[in-house]
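Asker: Sequence and computational prediction follow.
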Amino acid sequence: MAKILLGVTGSIAAYRACDVARELMHGGHTVHVVMTRAATRLISPDTFAALTGNPVVVEVFDEPVPGQIAHIQLAQEADLVLIAPATAHTLARLALGLADDMLTTLALATRAPILIAPAMNPAMWSHPATQAHAETLRARGVEFVEPAYGTMACGDEGWGKLADTPVIVQAALQRLRRACDLQGVHVLITAGPTYEPIDPVRFVGNRSSGKMGYALAEAALAHGATVTLITGPTALTPPVGAQVIRVQTARQMYDAVQAHFDACEVFIAAAAVADYRPERALPRKRKRTGAEWTLRLVPNPDILASVAERKGHRLVIGFAAETDKALQHAKVKLSGKNLDLIAVNNVLEPGSGFAVDTNRLTLLYADGRIEELPMMPKRACAERIIEVVAEHLRQRRG
Ligand code: CTP
């Protein structure tokens with residue numbers, strides 16, 4: 001059974017955390033409550049201590065067990081940090097990485113997944129500052145139980161009410177299940193474009209932003225996997241917890257994949273590898289002249305095909321970015337490259353392809369199944385692909 005850290009902050013809905021704690025304990029889980037100072041004005045720590053059977057901590061220097069540094073101990077032992085309700089102020093502190101009380105300190109010190117159920121006035125929830133903080137946290141892998149619509153204690157109506165208790169509890173239990181379904185599984189991911197130098201200032205490349213590959217790394221981490229992310233040049237911040245290997249060219253990516261493939265159980269090739277490179281990179285910048293310039297390009301190795309042919313028990317997944325006859329081309333790649341699954345998209349479709357946050361993928365499985373996903377955020381597409389990986393490994397292990 002899991003150890004859940006329940007963070008309670010100073011929202012009028014703080015009393016509802018009692019029900020959340022009780023429900024989680026009914027499921028057999030251990031609950032440790034951590035309160036902010038403001039929350040203690042709304043509900044007594046003694047209530048939670050009596051309910052959970054565990055001491056409640058508020059200040060960083062609270063030490064329920066003498067000799068144990070509470071925030072490190074609690075942070076390391078937690079399987080999930082659930083903050084319900086979370087105020088706008090706490091969201092901001094979490095986004096900024098402040099550590100001015102026990103809850104925010106724990107949130108920094110833990111490697112456990114964090115799930116947040118916000119509760120605040122609708123104007124505060126929809127404020128660009130709050131939304132930006134929520135987005136920052138999402139980008140770090142924090143998940144949200146979205147607030148519900150309703151009338152607030154202050155009489156205002158809108159989105160901002162703490163979600164219903166069963167919704168919060170179900171989300172927490174689901175998050176716990178997901179957190180360990182790829183535990184011990186090593187997932188190797190390629191992401192981003194490759195840059196093939198023409199001279200020291202120019203390159204042949206493509207429009208890939210790396211968003212899909214990074215989202216896959218984030219999702220795999222959220223399921224408890226060990227992740228190695230081999231990335232071409234991107235402007236993105238890699239997810240916390242991934243081993244990141246930065247490369248520039250297709251040949252560097254090829255070498256990095258060869259070096260890490262044997263240790264992985266799952267390989268996902270999301271990189272948009274440049275298929276060709278200039279035959280020779282000039283050592284100095286080529287100056288402008290009036291004359292024509294012909295570049296001779298030579299083929300790069302197919303990274304995915306090179307490892308898939310010796311994949312053994314590994315699950316190997318590819319992507320296909322197409323502009324026409326998408327399914328037809330993807331089917332050829334699926335069998336030609338010896339893949340278990342290929343995710344295909346038409347990059348000419350609006351909202352699907354390079355440098356946007358959404359994608360519309362069709363998954364083609366080696367056994368002939370076809371699964372069409374709706375247009376959705378790349379994070380959600382990544383989540384579905386990682387779910388497929390988890391299902392596949394579960395079936396294989398019986
Ligand atoms: N891929 C790779 N190495 C390459 C080219 C592609 O690993 N040199 C991988 C991509 O990461 C992707 C899959 O192969 O998972 C398909 O990539 P795509 O560019 O769509 O296909 P290509 O095989 O390059 O075919 P084409 O560009 O002709 O469509």
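Answerer: Alright, I've got the coordinates. Residues are numbered from 1 along each chain as shown.
Asker: right, and residue 217 touches residue 238 too?
Answerer: Yes. The pair residue 217 / residue 238 is scored as a contact, 7.0 Å apart, by Cβ atoms under 8 Å. For glycine as for every other residue, the C-beta is placed from the backbone atoms N, C-alpha and C.
Asker: the more surrounded of the two?
Answerer: Neighbours were counted for residue 217 and for residue 238 using other Cβ atoms under 10 Å; residue 217 has more, 32 against 19.
Asker: And the more buried one, what's its pLDDT?
Answerer: According to the predicted model, the pLDDT of residue 217 comes to 96.
Asker: swap in residue 357?
Answerer: Reading off the model, residue 357 has pLDDT 84.
Asker: Let me know how buried it is, in neighbour terms.
Answerer: Count around residue 357 with other Cβ under 10 Å applied: 12.
Asker: just residue 168 next, same as before
Answerer: Counted with other Cβ under 10 Å, residues neighbouring residue 168 total 23.
Asker: How much space separates the residue nearest to residue 195 when sequence neighbours are not counted from the ligand?
Answerer: Nearest in space to residue 195, with sequence neighbours left out and distances taken as Cβ to Cβ, 6 or more residues apart in numbering, is residue 203 at 4.1 Å. Spatial separation of residue 203 from the ligand under the definition Cβ to the nearest ligand atom, to the nearest Å is 16 Å.
Asker: and the closest residue to residue 214 other than its chain neighbours, how many neighbours?
Answerer: With sequence-adjacent residues excluded and distances taken as Cβ to Cβ, 6+ apart, residue 214 is closest to residue 236, at 5.1 Å. Other residues within reach of residue 236 by the criterion other Cβ under 10 Å amount to 16.
Asker: So in terms of bridging, what pairs with the residue nearest to residue 195?
Answerer: Residue 203 has the following beta-bridge partners by DSSP bridges: residue 197.
Asker: about what we covered before: residue contacts, the residue nearest to residue 214?
Answerer: Taking Cβ atoms under 8 Å, 6 or more residues apart in numbering as the criterion, residue 236 is in contact with 192, 209, 210, 211, 214.
Asker: if we can go back for a sec, any common contacting residues for residue 217 and residue 238?
Answerer: residue 229.
Asker: What about residue 387, how many residues nearby?
Answerer: Taking other Cβ under 10 Å as the neighbour definition, residue 387 ends up with a count of 14.
Asker: I misspoke; the intended subject was residue 398.
Answerer: The burial metric for residue 398, expressed as a neighbour count using other Cβ under 10 Å, is 4.
Asker: Would you mind measuring from it to the ligand?
Answerer: Relative to the ligand, residue 398 is positioned 29 Å away (criterion: Cβ to the nearest ligand atom).
Asker: thinking again about what came up before, I'd guessed the residue nearest to residue 195 sits against residue 233; true?
Answerer: No. The criterion here is Cβ under 8 Å, and residue 203 misses it with residue 233 at 9.1 Å.
Asker: what residues do the two have in common as contacts?
Answerer: Both residue 203 and residue 233 are contacted by residue 195, under the criterion Cβ under 8 Å, 6+ apart.
Asker: More neighbours: which of the two?
Answerer: When residue 203 is set against residue 233 and neighbours are counted by other Cβ under 10 Å, the residue ahead is residue 203, at 19 against 16.
Asker: With residue 158 as the reference, measure out to the more buried one.
Answerer: With distances taken as Cβ to Cβ, to the nearest Å, residue 203 is found 49 Å from residue 158.
Asker: cool, residue 192 as well?
Answerer: According to Cβ to Cβ, residue 192 and residue 158 sit 39 Å apart.
Asker: Looking at these two now, which is surrounded by more residues?
Answerer: residue 192 (29 against 15).
Asker: Next, the buried residues of stretch 87-103.
Answerer: Judged by neighbour count using 16 or more other Cβ atoms under 10 Å, the buried positions of stretch 87-103 are 87-95, 99, 101-103.
Asker: Closest one of those to residue 183?
Answerer: Distance to residue 183 across those (Cβ to Cβ) is lowest for residue 94, with 25.0 Å.
Asker: Check which helices and strands the helix or strand of the chain with the lowest mean pLDDT sits against.
Answerer: Among the helices and strands of the chain, helix 70-77 carries the lowest confidence by mean pLDDT, DSSP states H and E, at a mean of 84. Helices and strands touching helix 70-77, as assessed by 3 or more Cβ pairs under 8 Å, 6 or more residues apart in numbering; DSSP states H and E, comprise strand 3-8, helix 102-109.
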